[in-house]
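1. Output the structure for:
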Amino acid sequence: MVPVHDEGPRLGGSVLRAGLTGGIASGKSVVAARLARLGAAVIDHDVLARDAVAPGSKGLRAVVAAFGDVVDALGGLDRRVLGEVVFGDPAARATLNGIVHPIVTAGAAHAEAAAVAAGCDVVVHDIPLLVETGQAGRFDVVVVVDAPAELRVDRLVTERGMTPTDAWARLAAQADDDERLAAADVVLDGSGSVDELEAQVDALWEVWRRARVDVR
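-> Residues are numbered from 1 along each chain as shown. This next block holds a predicted model:
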């Protein structure tokens with residue numbers, strides 16, 4: 001674990017709000033799962049984004065109005081067809097984000113309020129495009145999971161069956177590593193084993209636990 005700032009999380013109250021991000025295949029999912037097991041309320045913005053365009057939803061109707069016939073035979077969003085439209089087209093991707101992100105933001109706020117009401121004092125927002133959507137300033141602490149691009153491409157090829165060309169294209173569609181690292185308060189090294197990454201999460205959790213004790 002490489003701390004970027006040494007002053008610890010910026011706690012504005014008894015609840016710590018963390019933004020978690022990282023490039024595709026960096027190990028972010030491992031970190032999110034470990035934080036959930038340790039007791040954090042983890043809000044997965046990818047899940048919220050899928051819900052935003054569920055069959056029959058207002059979001060899906062807006063996507064169809066913007067992009068045409070991108071619905072499959074069962075009435076759901078045809079992600080492959082939509083991906084062909086927006087991938088590599090920044091303007092189209094911005095239009096899609098403008099439809100989906102407000103719905104996701106509202107859903108995340110509702111989920112966070114429910115977690116706090118239930119007594120949770122650490123809320124982690126798992127946001128793949130946290131930097132790209134300009135959300136870093138919304139959180140007490142931003143955690144970035146980092147791993148070399150070549151390693152992430154290898155994981156996408158060997159573990160997810162992508163071609164190298166497709167894998168590099170997926171990386172290119174996200175913020176570059178320097179942008180993510182510039183937004184980070186804490187950087188976790190995702191280049192090693194799962195056990196090594198989880199040990200870093202455990203150490204970070206202990207820092208957060210002490211901060212929450214101090215603020216009370």
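2. Show me what counts as buried in stretch 51-60.
-> Neighbour-count burial for stretch 51-60, counted by 16 or more other Cβ atoms under 10 Å, picks out 52-53, 59-60. C-beta: built from backbone N, CA, C; applies to glycine.
3. which one of the residues you listed sits closest to G192?
-> Proximity of the buried residues of stretch 51-60 to G192 (Cβ to Cβ) peaks at A52, which lies at 34.4 Å.
4. residues in contact with the closest one?
-> Contacts for A52 were tallied using Cβ atoms under 8 Å, 6 or more residues apart in numbering; they are 59, 100, 103-104, 107.
5. gap between the spatially most central residue of the chain and V42?
-> Computing the C-alpha centroid of the chain and ranking residues by Cα atoms, centre = their mean puts I127 first, at 2.0 Å. When Cβ to Cβ, to the nearest Å is applied, the distance between I127 and V42 equals 11 Å.
6. Return every residue with contacts to both of those two.
-> Between them, I127 and V42 share the neighbouring residues L20, with contact defined by Cβ under 8 Å, 6+ apart.
7. Show me which residues of stretch 200-216 are buried.
-> Burial within stretch 200-216, assessed by neighbour count using 16+ other Cβ under 10 Å, is assigned to 200-201, 204-205, 208, 211-212.
8. right, and the residue nearest to the centre of the chain touches G134 too?
-> No - I127 is not in contact with G134 according to Cβ atoms under 8 Å; the separation is 11.0 Å.
9. Give me the distance between the residue in the chain sticking out farthest from the centre and A41.
-> Computed with Cα atoms, centre = their mean, the residue of the chain farthest from its C-alpha average is A73, at 29.5 Å. A73 sits 36 Å away from A41, taking Cβ to Cβ as the criterion.
10. how far does the strand or helix carrying V142 sit from the chain's center?
-> In the assignment (DSSP states H and E), V142 maps to strand 141-146. Here the centre of strand 141-146 is set off from its chain's centre by 10 Å, with Cα atoms, centre = their mean, to the nearest Å.
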